[in-house]
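S.K.: After the sequence you'll find the predicted model.
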2 protein chains.
Amino acid sequence: MSVTGPLGFVAAGVACGIKAAGQLDLALVATDDGTAVPAAGVFTANRAAAPSVQLSRRHLVATGGRAAAVVLSSGNANAATGARGMHDVEAMCAATAAGLGAMTEEVLVAQTGLIGIPLPVGPLGSGIPVLLDARSGSRQAAADAATAIMTTDTVRKEVLVEGEGFRVGAMAKGAAMLEPSMATMLAVLTTDAQVGDAQVGDTLLGDLLRHSVEGSFNRMTVDGCMSTNDTVLVLASGRSGVAPGAGALAEALGEACQQLAASMAADAEGATKVAHVVVEGAVSDDEAHRAARKVAGSLLVKCSLNGEDPYWGRVVSELGSAGVGFELDRVQVSYGGVAVCRAGVSVEHDAAAVRRHMAGRSITITCGLGIGAGRAAVLTTDLGHGYIDENRGTS
Amino acid sequence: MSVTGPLGFVAAGVACGIKAAGQLDLALVATDDGTAVPAAGVFTANRAAAPSVQLSRRHLVATGGRAAAVVLSSGNANAATGARGMHDVEAMCAATAAGLGAMTEEVLVAQTGLIGIPLPVGPLGSGIPVLLDARSGSRQAAADAATAIMTTDTVRKEVLVEGEGFRVGAMAKGAAMLEPSMATMLAVLTTDAQVGDAQVGDTLLGDLLRHSVEGSFNRMTVDGCMSTNDTVLVLASGRSGVAPGAGALAEALGEACQQLAASMAADAEGATKVAHVVVEGAVSDDEAHRAARKVAGSLLVKCSLNGEDPYWGRVVSELGSAGVGFELDRVQVSYGGVAVCRAGVSVEHDAAAVRRHMAGRSITITCGLGIGAGRAAVLTTDLGHGYIDENRGTS
C-alpha cells in the first residue's frame, strides 16, 4: 500500500513524456480532499541544490509547515538550469495546486534524473491534468507513483509500517550516489497520525524526520556523491484520530526510513553485495561512525567485497587513516562473526566459514577498536563492473 | 640514471624470494662509501603505520637527520604483523649496516605489498649480502633498484633533474591507493647538493621535502586510500661541491616529485585516462584544492572519464557539495578548454571538439567558481573495469 496505506491520501503515477518509450515519469501524493496538512522536509546540503529543492524549502517556510500534495518527476533533475528551471517547477506546483483547489505554496515538488538539461515543459504541462485525474487511494495508484519516480532503480521501493493506532506509508527511489548525506534519493512518507501544528509534543515534525533520516539514509554509502536533488518529505493527515507521542511516531518513521534504506542499498547501481560495516569499541559513537564510514566508503574494501576476498589488511588500513582514536595492537576484525585479526595481527580461523560468508549476498564486517564503548554501523555495497557500466555514460 | 645520477650514490636490486618466480624484490640506495649524509623523510599519517615507517622515523630522530642507506623490499608490506614485524625490519637494517660499515640507525627502510602477513625472513636474511655485493653506481643498478620496488606498477619510475651545478635523482613505486595523503607509494630521492646539517639556509631539508611532497604526490587522487607504508626519503651526499639556496633545491626536488607523481597517475592500477582537474576563482587556494579534490575523487566523475562522457552536471554537483564557497550562477566548466557550462547553465559549444578531447589519454577539466582568486589542480584517473579486476582479490 505504501503512501496510500495511511488514511486520507491519494496517489497517482503517469507518463508525461520526459522518459522515452512512455515509461511512467510523473507522480503525485496528495491529501484526498486537497486540504493542507502538517508537513516537513529534509533536503540535500549541496550548494548546487536544484530548483525543486529550493522551491519546496520556500513553500514549507511560507506555509509554516503544511502541504496538500507533492508532485514528483523522474528522468530530468532540472538542476543547473538557471531561471528557466525555477520557472518550470513553479509552473508545476501552480498547475497541481489549481487542480486540487489548493494554494501553490501548499504543493511541494521533487525531481530526479540528469543534471543541466532544461525540463521539457510541454509534456509536463499536459501531464499534470492527466496525473490529477488518475489520483486514487488504491494500492495500484501508490505503486504507480512509486514506479514513476524510479530512474536506474530495478525494483519499486514501498513500505507500510503499523504504529499503535496509526500508520506510516512511504515510497522512495534511489539506487546511486547514496552518500554522504542523502544522495540522489527521493522519499515521500505519509502518516495518518495526528500531529498538532507541525509539532509532536515538544518536538517539531521536521526534527523527527531529520532524526529518522540520520539513522537510515545517512547511514549508508554507495559512492560518496551527494546529489543536487535529494529530498525526503512527510505529510501527516491526522485521519486516524490517534495522536502518538514523539517517541512512537519517531519509531514508526525511523522504521519506514530504515526499510527503504536497506532496499536502496540492495538495489544500488551495479551492486551484487550489501555489507554492514560495524565499528565497536571506539572512543565515541561519533568516532565509530566516522571509522565505519571510512571503511564502508573505501574503494579497495568495496572491490574486495566484489571479489569475496576477506583481505582484512585493507580494513585495518582504513581504520588507521579514519582520523579517530586507534591503537593497532587492540584491533579486531571479523567477517560474519569469524575473527581474522586479533590484537592487530592475523589469527588462525575457519577460512572455509569466512569464504561461505563472503559468498553470500549480505556480508558483515565487524571492527573492534578496543579502546571505548562507541558503536556505529554503516551500510555499503560492493564495487564491480556493473557500477561502472551504469555510470560511464549518460547517453 | 635516477638515484645513481647524483655523485656519491650506489644502488642495487636483487631477488630475495618474497615474490614468486624470482622477480626482483629487494633494493638498496646507499652512499658509495657507506658514510652517513644529511637525510629526511615524509611518512604516512596512517595510525596503522607499518614497522618500516616507525623504524625509519625513529632512526632519523636518533641520528639527527643522517643516513647512509635505504633498504627497500616489495611484495609484503610487513604491516599489522606485531612485534615480529618490528623485529624483522630491525634485522634488515642491522644486516645492511653491518655490510656497509655503518651504524644500524644510519639505515632507513621501506616496504610495500600485502598487509597482515609476516615477512619471510629467511630469504631476506640471505638476500641482503647478495644485495650489498650487487651495489654499483651504474645506470643499470639504479634501474634494478627501481624495478625491485614495483608491485602492480607496469612501468619503472625513475627521474633525474639537473639543478644549477647539482642533481636530484629519484625512483618511486606507486600505482594504487594514491591519496589522500601519500598512499601506497615509496620514493627515494638522492642529491649531490651540499646541505649543511640537514639544513638548507634557514630551512630544514625535511621541510623542503614535505613541501615537494605537498605539491606533487599529495595533489593526486586515485582511490582515496592512504597506505600503512607510504614513505618518501631524500639523502644528500654534498659531492657536487655546490650548496644551492633553499629555493633552488626546493625547485629541483619539487620537479623530481612532480615528474614521479605524473608517471604514477599515468600508471595507476587499471587506469586508461589521466585527468587534470583545475579549480579557479575559488575564495582561496585551499578552497580551490578542496573543491578540485572533491571532483577528482568522485566515483561518478571518474566513471564518466572512463566512458569519455563530458557530463558536467556531475562536476557541478561535486563542486556544490565540496563545502567551499559556491554560487551556482557563477560557475563555468570546460573540458579541454571548451566551455560546456557558463553561469551555471548549459551553453552551446563545439561538441565534436569536446569528444576529441575526451577520447585522448589526458583530459583537462577546468572549473571556474567566479568568486575569488584561489586556484589549485589535482591529478586523477578514470575508473574502469581494470581497477576492479586488479583489486577484487589478493590471491
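M.R.: In hand now; what should we look at? No experiment lies behind these values; they were computed from the predicted model shown.
S.K.: ok, how many other residues are close to residue A:378?
M.R.: Taking other CB atoms under 10 Å in any protein chain shown as the neighbour definition, residue A:378 ends up with a count of 24. C-beta here means a position set from N, CA and C on the backbone, and glycine is covered the same way.
S.K.: So which elements touch whichever helix or strand it is part of?
M.R.: For residue A:378, the host element (DSSP states H and E) is strand A:374-381. Contacts of strand A:374-381 with other secondary structure elements, assessed using 3 or more CB pairs under 8 Å, 6 or more residues apart in numbering or on different chains; DSSP states H and E, are made with strand A:220-221, helix A:246-266, strand A:274-282, helix A:285-297, helix A:299-306.
S.K.: which of the ones you listed sits most buried?
M.R.: strand A:220-221 (a mean of 28; mean count of other CB atoms under 10 Å in any protein chain shown).
S.K.: mean confidence score for the next helix or strand after that one?
M.R.: Elements were assigned by DSSP H and E; along the chain past strand A:220-221, the next helix or strand is strand A:231-236. Mean pLDDT, computed over strand A:231-236, is 95.
S.K.: same question, stretch A:286-295
M.R.: Per-residue pLDDT over stretch A:286-295 has a mean of 92.
S.K.: near chain B, anything from it?
M.R.: No - legend: contact between stretch A:286-295 and chain B by CB under 8 Å from any CB of the partner chain is lacking; minimum distance shown is 9.2 Å.
S.K.: quick one: low-confidence parts of chain A?
M.R.: Applying pLDDT under 70 to chain A flags residues A:121-123, A:175-183, A:198-202, A:219-226, A:269, A:393-395.
S.K.: The strand holding residue A:378 pairs with which strands, parallel or anti?
M.R.: Each strand that pairs with strand A:374-381, with its direction, by DSSP bridges: strand A:220-221 (parallel), strand A:274-282 (antiparallel).
S.K.: Report the angle between it and helix A:285-297.
M.R.: For strand A:374-381 against helix A:285-297, the angle between stretch directions is 20 degrees (axes from the mean of the first three to the mean of the last three CA atoms, to 10 degrees).
S.K.: What about residue A:17, how many residues nearby?
M.R.: 16.
S.K.: show me where the stretch 1-150 of chain A has helices.
M.R.: Assignment of helices within the stretch 1-150 of chain A using DSSP state H, counting those that start in this stretch yields the ranges A:51-63, A:82-100, A:121-133, A:139-148.
S.K.: got the buried residues for the third one?
M.R.: Taking 16 or more other CB atoms under 10 Å in any protein chain shown as the neighbour-count basis, helix A:121-133 is seen to contain the buried residues A:123-124, A:127-128, A:131-132.
S.K.: Tabulate those residues in JSON lines, adding columns for distance to residue A:147.
M.R.: As requested, those are arranged in JSON lines below (distance: CB to CB, whole Å):
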{"residue": "A:123", "distance to residue A:147": "17"}
{"residue": "A:124", "distance to residue A:147": "18"}
{"residue": "A:127", "distance to residue A:147": "15"}
{"residue": "A:128", "distance to residue A:147": "18"}
{"residue": "A:131", "distance to residue A:147": "13"}
{"residue": "A:132", "distance to residue A:147": "18"}
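S.K.: Residue A:96 and residue A:67 touch, don't they?
M.R.: No - with the criterion set as CB atoms under 8 Å, residue A:96 and residue A:67 do not qualify as a contacting pair; they are 10.9 Å apart.
S.K.: Could you pull out the residues contacting both of these two?
M.R.: Shared contacts of residue A:96 and residue A:67, defined by CB atoms under 8 Å, 6 or more residues apart in numbering or on different chains, comprise residue A:107.
S.K.: With chain B as the reference, measure out to the closest residue to residue A:370 other than its chain neighbours.
M.R.: Of all residues not flanking residue A:370 in the chain, residue A:330 sits nearest, at 3.4 Å (CB to CB, 6 or more residues apart in numbering or on different chains). For residue A:330, the distance to chain B (CB to the nearest CB, to the nearest Å) stands at 11 Å.
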